[in-house]
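A.B. asks: No sequence on hand, only this structure:
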DNA sequence: TTTTGAGTTGTTCGA
DNA sequence: GTCGAACAACTCAAA
């Protein structure tokens, strides 16, 4: 059993498949530390992975074998050592993972072994939902309707009984990297379940609370889902008996995750390129000192800076802020969305290629269901609307803690606004909005 | 086959 | 202060 983005034992179809095939002969649980995947991840995601691996290993009674290297060599070599007929995995839907798995399957086949893919990290496998002619959807709402017609499957139940093979020489899970000030919650399958149950208790008010970054209104399950400590199929099953705006809205958010995975599966090139190239010839400014100011949370726009500083403090950013800061980079600083997407993938503990990439493309106007080009988030009014008491801003921007209420959103309006070293605005939003609209007009002809 | 209406996340302006 | 209109272009499904 080769684990990747499925670091759990419950509701795990591939683990059941491995146990069923082994039937008494034993299952060897393996994880491969692959530099190609570790490289783009910053300290918070790397530490999350390592902690999750330690927890998984404990769940497997210490039997998890951890080796480092190229999976196309490590996996066949390990399979040969234990004389496995098959290597079981949860299928990977991402471009790199699919190429990697093809290479591993070919290398295994050369020795007469099989790579057996069972399930995916999604409730419905990417590529399954289709229009009448077999093609995929490019708009969310029709996708969601068709997705509901297919319907999520039943969970696979608790961990299977299986004898675990052990004794092979591995590296073990490396020590955590320097977290550079990031604080992480507990990482484990049990913690994911506990978080989910806690969230379900308050899901009734999710529809309103999710818009408020000053509240803990979101599920905070993104990183758990990213590493498969809990599977969305489990979540859909628990939500099934619940009605009302809260559960409905959360279900829809999970379907967005499924939608973007489907789009990336059908268009692997959209990991690097514009999904819709019409705006590709748009004039971008090269990354400059302004991008550094954005990344470090010192643009002089409190809501933007609070969002970026939350990302540095927690390895996570509220969805509302992801939209606001992305809009600021693309439409106020006129920088290519791919620059921001890469920075997000470094810092975010939940950094998920499909959701991150297509979220950015949505903001930039190059993606599916893209935001209209003229929709430019105003960082001040967004703050006043969704953080009406300024609490979120003050939590992450100490230089503004002396400004009460929503005054924290506009220090320039107060005589002592800059008394504690908060930076001046790096650009004028109204002027840059006009500039962005002008650049869009150029490429629209 | 063609037409039509609806569609995650916003802002600004004028009445 | 509130409200509606305008700000495009395209996908998709239903009529």
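C.D. replies: Okay, I see it. Keep in mind that what you see is a predicted model, and the values were worked out from it rather than measured.

A.B. asks: Now do the contacts for residue A:389.
C.D. replies: A:214, A:405-406 (C-beta atoms under 8 Å, 6 or more residues apart in numbering). (Glycine included, C-beta is placed from N, CA and C.)

A.B. asks: Throw the residues you listed into TSV and include secondary structure, pLDDT and distance to residue A:318, thanks.
C.D. replies: Below are the contacts of residue A:389 laid out as TSV (DSSP: H, G, I helix; E, B strand; the rest coil; pLDDT from 0 to 100; distance: C-beta to C-beta, whole Å):
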residue	secondary structure	pLDDT	distance to residue A:318
A:214	coil	95	9
A:405	helix	93	20
A:406	helix	90	18
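
A.B. asks: how about the helices in the stretch 101-250 of chain A?
C.D. replies: A:140-150, A:189-201, A:206-209, A:222-226, A:232-239, A:245-266 (DSSP state H, counting those that start in this stretch).

A.B. asks: and those, which is most packed in?
C.D. replies: helix A:222-226 (a mean of 23; mean count of other C-beta atoms under 10 Å).

A.B. asks: Show residues contacting it.
C.D. replies: Taking C-beta under 8 Å, 6+ apart as the rule, helix A:222-226 contacts A:5, A:45, A:48, A:121, A:187, A:191-192, A:195-196, A:230, A:232, A:257, A:315-316, A:349-352, A:355.

A.B. asks: Equivalent analysis for stretch A:400-417, please.
C.D. replies: Residues from elsewhere that reach stretch A:400-417 (C-beta under 8 Å, 6+ apart): A:302-303, A:380, A:383-384, A:387-390, A:393-394, A:397, A:418-420, A:422, A:424-425.

A.B. asks: Near DNA strand C, which residues of chain A? Just list them.
C.D. replies: A:131-132, A:136-139, A:142, A:145-146, A:278, A:372-374, A:444 (C-beta under 7 Å from any atom of the strand).

A.B. asks: Just the buried subset of the residues you listed, please.
C.D. replies: Among these, the ones that count as buried by 16 or more other C-beta atoms under 10 Å are A:136-138, A:146, A:373.

A.B. asks: Dump the helices of the stretch 101-250 of chain A into a markdown table; add mean pLDDT as well.
C.D. replies: A markdown table is the format used below for these (pLDDT from 0 to 100):
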| stretch | mean pLDDT |
| --- | --- |
| helix A:140-150 | 91 |
| helix A:189-201 | 98 |
| helix A:206-209 | 91 |
| helix A:222-226 | 98 |
| helix A:232-239 | 97 |
| helix A:245-266 | 93 |
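
A.B. asks: export those helices to CSV and tack on distance to residue A:98?
C.D. replies: As requested, the helices of the stretch 101-250 of chain A are exported to CSV (distance: least, C-beta to C-beta, whole Å):
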stretch, distance to residue A:98
helix A:140-150, 21
helix A:189-201, 26
helix A:206-209, 34
helix A:222-226, 17
helix A:232-239, 20
helix A:245-266, 8
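
A.B. asks: Contacts only, for the residue in the stretch 151-300 of chain A that DNA strand C sits nearest to.
C.D. replies: At 6.5 Å from DNA strand C, residue A:278 is the closest residue in the stretch 151-300 of chain A, using C-beta to the nearest atom of the strand. Contacts of residue A:278 were listed using C-beta under 8 Å, 6+ apart, and they are A:366, A:443.

A.B. asks: Which parts of the helix or strand where residue A:320 lies count as buried, going by neighbours?
C.D. replies: Here residue A:320, judged by DSSP states H and E, is contained in helix A:319-327. Using 16+ other C-beta under 10 Å as the test for burial, helix A:319-327 gives A:320-327.

A.B. asks: out of those residues, which touch DNA strand B?
C.D. replies: The overlap between the buried residues of helix A:319-327 and the neighbours of DNA strand B (C-beta under 7 Å from any atom of the strand) comes to A:320, A:323.

A.B. asks: Tell me the one of the buried residues of helix A:319-327 nearest DNA strand B?
C.D. replies: residue A:323 (5.8 Å).

A.B. asks: show me the residues around the residue of the stretch 251-400 of chain A found nearest DNA strand C that make contact.
C.D. replies: Nearest to DNA strand C in the stretch 251-400 of chain A, going by C-beta to the nearest atom of the strand, is residue A:372, at a distance of 3.3 Å. Residues near residue A:372 by C-beta under 8 Å, 6+ apart: residue A:365.

A.B. asks: same thing but at 10 Å, please
C.D. replies: With contact set as C-beta atoms under 10 Å, 6 or more residues apart in numbering, residue A:372 has these partners: A:365, A:440.

A.B. asks: Could you check the pLDDT of it?
C.D. replies: Looking at residue A:372, its pLDDT reads 78.

A.B. asks: Then residue A:445?
C.D. replies: 57.

A.B. asks: thinking again about what came up before, how far out from the middle of the chain is the helix holding residue A:320?
C.D. replies: 14 Å (C-alpha atoms, centre = their mean, to the nearest Å).

A.B. asks: Between helix A:245-266 and it, find me the angle.
C.D. replies: Calculated by axes from the mean of the first three to the mean of the last three C-alpha atoms, to 10 degrees, helix A:319-327 forms an angle of 40 degrees with helix A:245-266.

A.B. asks: sorry, back to before: going by neighbour count, which of the contacts of residue A:389 are buried?
C.D. replies: Buried, going by 16+ other C-beta under 10 Å: A:214, A:406, out of the contacts of residue A:389.

A.B. asks: Redo the contacts of residue A:389 as JSON lines? Include distance to residue A:292.
C.D. replies: Shown next, in JSON lines, are the contacts of residue A:389 (distance: C-beta to C-beta, whole Å):
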{"residue": "A:214", "distance to residue A:292": "27"}
{"residue": "A:405", "distance to residue A:292": "31"}
{"residue": "A:406", "distance to residue A:292": "28"}
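
A.B. asks: near DNA strand B, which residues of the stretch 201-350 of chain A show up?
C.D. replies: A:253, A:256, A:319-320, A:323.
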